[in-house]
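Student: with the input below, show me the fold.
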Amino acid sequence: MYRLMVADFNRLLNRKVLYVPHLIYFLVLDIIYTIVCNMKTSEELYFSADILYTDNSTYIPLFLAVFAGTFLIDDFKDGILRNKIISGAKRMEIVLSHAVVLCVYAFFMNALIHLMGLVFGGFFRNGYYSTQRTLLTYTLVHFGSSVALVLFYMCLIYLFCEFRFAAFIPLAVAIASKVVSFIITYDLYNRALSDRTFRIFNFLDGHMPSSYLVSTLRHGTAEYFPTCIAFTAGSLLITGIYFQLKDIK
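Tutor: Alright, predicted model coming up:
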């Protein structure tokens, strides 16, 4: 497995297009936020630095989906996986190697957003509204949900790798879930819902990892972390079982 991970990480590091644009994007975005939110033209522009966490985190699922699709689909082309198996690699080792690389990338995305948020947050006129404990909770929940999502996207690639547009399936799912999350969040806090609709929306809002990356935290850690663990374990289990039974061409 060590050789597989070395090869996968080398492939990751050699493809700077997968992470350098994110660094530039969030850097430019944070600079714009910092300038706009410190303008003296209107009191309404004096936002707290929390938006560096809550607003930037909404882009994470999309970046993770693009990365998972473009990074993993290469191994399903030109018999690369078949060659790995013939060379002695076990199928579960291949899955775990992919999972580790994806989780490291998810960690990179979150570290980038949160560390830059801390740096630029110091320049905000109003500073942070949240306490240090709340900011730490943001970080842990965002990281947990990102791991759950990126491994879920990995599962989709393994299940539908033979489809012509398999690399775009995670992105399509990420966009759809993001739209659903925004609709649910808006309706929960801006519309009068029936009791049944409210219970359904509130349940989905508390048990969809993508919704944890939309706006502020709205539920307790007793809902967030078990859901992330369940998604992570379920994705790994389904991927491992399916790949063990799959006929590699």
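
Student: which of the helices and strands in the chain ranks last by mean pLDDT?
Tutor: Lowest on mean pLDDT, DSSP states H and E among the helices and strands of the chain sits helix 2-14, with a mean of 76.

Student: got the buried residues for the helix or strand just after that one?
Tutor: Counting by DSSP states H and E, the next helix or strand C-terminal to helix 2-14 is helix 20-36. Within helix 20-36, the residues scored as buried using 16 or more other Cβ atoms under 10 Å are His22, Phe26, Leu29, Asp30, Tyr33, Thr34. Any C-beta I mention is one placed from the backbone N, CA and C, and that applies to glycine too.

Student: thinking the fourth one is in contact with Gly117, fair?
Tutor: This means Asp30. Yes - Asp30 is in contact with Gly117 according to Cβ atoms under 8 Å; the separation is 7.2 Å.

Student: who touches both of these two?
Tutor: Shared contacts of Asp30 and Gly117, defined by Cβ atoms under 8 Å, 6 or more residues apart in numbering, comprise Leu52, Asn56.

Student: helices of the chain, start to end?
Tutor: Counting by DSSP state H, the chain has helices at residues 2-14, 20-36, 51-54, 60-73, 80-86, 91-121, 132-159, 169-190, 195-207, 221-245.

Student: still on that earlier bit, name the nearest of the buried residues of helix 20-36 relative to Gly79.
Tutor: Gly79 lies nearest to His22 out of the buried residues of helix 20-36, by Cβ to Cβ, at 30.8 Å.

Student: which one is that closest one nearest to, not counting chain neighbours?
Tutor: Leaving out its chain neighbours, the residue that sits closest to His22 by Cβ to Cβ, 6 or more residues apart in numbering is Phe63, at 5.9 Å.
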